[in-house]
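Chemist: just to be clear, the model below is a prediction. Sequence and coordinates:
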Amino acid sequence: MPGPRESSGGRGNMIIFIIAGILLALFAYQQFTGPTVGAQEVSYSEFRQEVRTGNVDQVTVQGQRVVGDLVNESKTATAEGDSTSYQSFVTYLPSFGDEKLMELLEANNVQVVTEPQSDFPWTLVIMGLLPILLLFGVGYFFLRRMQSQGQGLFSVRKSKAKLFDKGEEDTTFDDVAGAESAKEEMREIIKFLKNPERFERLGGKVPKGVLLVGPPGTGKTLLARAVAGEADAPFFSVSGSDFMEMFVGVGASRVRDMFEDAKENSPAIIFIDELDSIGRQRGAGLGGGHDEREQTLNQLLSELDGFEENQGIVVMAATNRPDILDSALTRPGRFDRQITVPLPTKQARKQILEIHARNKPLSDEIDLEVIAGSTPGFSGADLENLLNEAALLAARFDREQIEREDIEEARDKVIMGLKREGMVIDDEEKKLLAYHEAGHAIVAAVLPYADPIHKVTIVPRGQAMGVTQQMPEKEKYLYRREYLLDRLAVVMGGRAAEELIFDTATSGAENDLKQVRQMARKMVLDWGMGEQFRHIALGDNQGRVFLGEELAKGKNYSDDTARQVDDEIRAISENAFQRAIDTLRDNQEAFDKLADLLIEREVVPGSDVLKLVNGNADSFDDVLTNGTAGEDQTQSSRVDGRHSTGGESGSDASSNETRDES
Ligand SMILES: Nc1ncnc2c1ncn2[C@@H]1O[C@H](COP(=O)(O)OP(=O)(O)OP(=O)(O)O)[C@@H](O)[C@H]1O
Ligand SMILES: [Zn+2]
């Protein structure tokens with residue numbers, strides 16, 4: 001990989017400089033305050049006493065101040081109550097003067113040196129000078145820093161982006177395993193970057209901003225670099241946190257410079273990692289809303305608005321917290337294309353392992369397929385880490401090649417790290433999850449009115465631990481009671497599976513239960529589908545029931561009715577649960593097989609679920625060999641609202657997801 005052109009200067013230098021300045025000032029302070037340093041301040045009468053006893057040879061008088069050395073050490077009481085011995089002393093003449101002092105000194109043979117009155121307030125001068133000195137120090141520091149960067153005086157102009165020139169970036173899609181549909185989307189962008197004018201002439205529409213969303217280490221940065229490599233375009237890479245500087249306005253000017261540089265080099269790619277560090281919702285911080293980050297974000301927004309597609313710049317950004325981004329960033333014309341980069345499936349994990357095992361000598365005993373199977377929840381970075389750890393272990397034992405035990409040990413090590421972060425699921429949880437999702441899927445596949453099943457997965461994706469996706473044949477605008485009842489049973493399928501197989505219940509069904517409650521409520525209150533409330537709408541039908549505001553608002557029915565409504569909702573839920581249980585019992589064999597298949601493959605397409613249910617799959621093996629194993633399930637969607645949000649209350653019918661959040 002080519003080295004970056006610019007490296008950021010160390011902040012450490014500056015701290016050292018400031019400390020040196022303070023030390024210097026303290027030293028100067030000591031020097032200027034002169035001979036009194038270390039001298040004991042004594043009272044005037046004590047001083048006279050010393051003179052009288054002949055313990056003083058010589059004194060220096062500076063105005064009111066009298067300093068000198070004792071012939072023999074003397075002791076004086078300190079503020080703390082004990083005594084301290086001293087030789088040098090300083091004292092002050094009483095403000096009314098002392099005419100008899102000269103007499104006394106002469107009488108005791110004390111030599112007197114008079115010095116011009118030094119009332120010059122050194123202390124004050126130093127104190128006043130110190131900040132100014134420091135300021136010069138800091139200025140000097142910046143001056144040097146800028147000169148060393150070959151820049152003009154006091155211009156804080158530097159985009160900070162690392163530039164990989166045309167052709168320097170040699171990462172290609174071959175280096176990125178899995179993430180097939182993400183790559184597919186990128187192909188369009190590559191075409192554009194290779195020849196922007198031609199692309200536009202043919203009517204291609206390229207997004208300005210692409211947001212890569214996914215858990216850490218799933219290869220978002222890698223993908224962006226691969227796009228640059230494939231398109232042979234210069235690649236400006238910067239991390240969101242690089243914009244955060246201590247001086248207000250620097251971040252914004254860095255953004256401006258970066259876009260300027262990119263335009264000069266277009267067609268080009270700008271990649272902003274950790275977009276969330278500057279892209280957080282505005283007005284959320286404490287700084288009164290005008291802080292550095294906000295200025296930087298505003299600059300970024302205006303740059304995104306300010307260039308036309310044909311300028312040949314594509315801005316890519318990565319985040320694993322799309323939920324906290326300022327909504328202005330995802331508006332059309334900005335980061336309006338969102339590509340999810342999920343954790344790799346088993347198939348993809350195998351490919352990633354193959355990529356990173358390329359230049360590592362592996363023993364013949366090692367089967368990457370087996371490793372892939374034993375590393376659910378691992379990201380690409382985790383897998384790379386695993387192989388590196390194994391190589392280190394092999395090296396420690398002076399082995400010629402990596403052995404199976406090295407892999408085992410490395411895997412345990414990585415898992416321990418991940419466990420601490422709550423990132424991996426163990427075998428038992430995986431089994432629970434598999435049965436839970438299989439429960440949804442089997443019910444969906446069996447019940448006549450339920451939407452056809454599209455796919456079921458237990459690969460953790462974002463917040464979701466497992467997902468069962470259904471695809472309606474056509475958009476629905478009306479929901480028949482039969483459809484709703486079947487849908488309720490599908491959603492209950494997960495909990496039913498837990499009860500049936502493990503005789504237990506898990507917290508994983510939280511979302512399901514919420515969904516059931518909302519749907520049942522709506523059926524009773526708004527759609528007149530309750531047993532006792534046929535054809536009567538009870539709700540105020542403003543969607544408030546879903547926000548739980550009905551408690552605060554006056555209901556338009558009595559408490560008695562409210563109790564009946566609760567009973568109805570309970571009956572509907574109970575019913576749905578029982579139907580799910582019955583369905584699973586009737587299809588026990590398919591249910592078990594699907595769960596096994598999920599544990600084995602993590603993703604099972606709907607067609608295979610149907611095969612199992614219809615008994616077309618003569619054996620487990622049939623599905624195993626004919627299935628579209630390891631279908632890559634990268635999902636991409638536009639943020640402009642066409643993507644469905646799962647079956648909340650069934651109001652969006654473009655796809656139905658039963659997601660189980662962790
Ligand atoms: N799909 C993949 N194929 C091959 N290698 C991968 C893949 N995903 C991740 N890696 C390896 O993991 C490393 C880290 O990935 P990368 O930095 O691209 O992840 P990221 O998603 O940008 O993470 P973060 O969110 O932490 O910035 C890569 O350099 C690569 O070696
Ligand atoms: Zn569920």
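Modeler: Here it is on my side, so go on. Ligands and ions are numbered 1, 2, ... in the order given.

Chemist: how about the residue of the chain found nearest ligand 2, what does it touch?
Modeler: Residue nearest to ligand 2 within the chain: G494 (3.0 Å; CB to the ion). Placement of C-beta: from N, CA and C, glycine included. Contacts for G494 (CB atoms under 8 Å, 6 or more residues apart in numbering) come out as 436-437, 439-440, 508-509, 512, 658, 660.

Chemist: show the overlap between those residues and what lies near ligand 2.
Modeler: The subset of the contacts of G494 within reach of ligand 2, by CB under 5 Å from the ion, is 512, 660.

Chemist: among the contacts of G494, which are in strands?
Modeler: Judged by DSSP state E, the subset of these located in strands is 658, 660.

Chemist: by neighbour count, which of the contacts of G494 wins?
Modeler: G439 (33 neighbours; other CB atoms under 10 Å).

Chemist: if I look at it, how far off is ligand 1?
Modeler: Distance, G439 to ligand 1, by CB to the nearest ligand atom, to the nearest Å: 31 Å.

Chemist: circling back: take the contacts of G494 and write them to CSV, including pLDDT.
Modeler: Output for the contacts of G494, formatted as CSV (pLDDT from 0 to 100):
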residue, pLDDT
H436, 93
E437, 93
G439, 95
H440, 94
G508, 78
A509, 84
D512, 89
T658, 72
D660, 73
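
Chemist: and the contacts of G494, which of them are in helices?
Modeler: Among the contacts of G494, DSSP state H puts 436-437, 439-440, 512 in helices.

Chemist: check contacts around N587.
Modeler: Going by CB under 8 Å, 6+ apart, N587 touches 442, 446, 613.

Chemist: the same query, at a cut-off of 6 Å, please.
Modeler: N587 is in contact with 442, 446, counting by CB atoms under 6 Å, 6 or more residues apart in numbering.

Chemist: wait, doesn't I453 sit right on Q470?
Modeler: Yes: with contact defined as CB atoms under 6 Å, I453 counts as touching Q470 (5.4 Å).

Chemist: any shared contact partners between these two?
Modeler: Residues touching both I453 and Q470 (CB under 6 Å, 6+ apart): A444.

Chemist: list the buried residues for stretch 351-371?
Modeler: For stretch 351-371, burial by neighbour count (16 or more other CB atoms under 10 Å) applies to 351-353, 355-357, 362, 366, 368, 371.

Chemist: using CSV, write out every CA atom in it.
Modeler: Taking C-alpha atoms only, stretch 351-371 is exported to CSV below (Å, rounded to 0.1, in the frame of the first residue of the first chain):
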residue,chain,number,x,y,z
GLN,A,351,-13.8,-16.4,1.3
ILE,A,352,-12.4,-13.8,3.7
LEU,A,353,-10.2,-16.5,5.3
GLU,A,354,-9.0,-17.5,1.9
ILE,A,355,-8.0,-14.0,1.1
HIS,A,356,-6.1,-13.5,4.2
ALA,A,357,-4.5,-17.0,4.1
ARG,A,358,-3.0,-16.2,0.7
ASN,A,359,0.5,-15.5,2.0
LYS,A,360,0.4,-17.7,5.1
PRO,A,361,1.6,-21.3,5.1
LEU,A,362,-1.2,-23.4,6.4
SER,A,363,-1.0,-27.1,7.3
ASP,A,364,-3.0,-29.4,5.0
GLU,A,365,-5.1,-30.4,8.0
ILE,A,366,-6.7,-27.0,8.1
ASP,A,367,-10.0,-26.7,6.5
LEU,A,368,-11.1,-23.1,6.1
GLU,A,369,-14.7,-24.2,5.7
VAL,A,370,-14.6,-25.6,9.2
ILE,A,371,-13.1,-22.4,10.6
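
Chemist: sorry, back to before: does the residue of the chain closest to ligand 2 lie in a helix or a strand, and which?
Modeler: If you go by DSSP states H and E, G494 is part of helix 481-497.

Chemist: ranges for the strands of the stretch 101-250 of the chain?
Modeler: Assigned by DSSP state E, counting those that start in this stretch, the strands in the stretch 101-250 of the chain fall at 111-115, 162-164, 209-213, 235-239.

Chemist: and the third one, what other elements does it pack with?
Modeler: Packed against strand 209-213 by the contact rule (3 or more CB pairs under 6 Å, 6 or more residues apart in numbering; DSSP states H and E) you find strand 313-319, strand 337-340.

Chemist: among those, which is nearest ligand 1?
Modeler: strand 313-319 (5.3 Å; CB to the nearest ligand atom).

Chemist: CA atoms only: put the closest one into PDB for me.
Modeler: Provided in PDB are the C-alpha atoms of strand 313-319 (Å, rounded to 0.1, in the frame of the first residue of the first chain):
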ATOM      1  CA  ILE A 313     -16.600  13.500  -7.300                       C
ATOM      2  CA  VAL A 314     -18.200  10.800  -5.300                       C
ATOM      3  CA  VAL A 315     -18.200  11.200  -1.500                       C
ATOM      4  CA  MET A 316     -18.300   8.000   0.500                       C
ATOM      5  CA  ALA A 317     -18.700   7.900   4.200                       C
ATOM      6  CA  ALA A 318     -18.800   5.100   6.700                       C
ATOM      7  CA  THR A 319     -20.500   4.800  10.000                       C
END
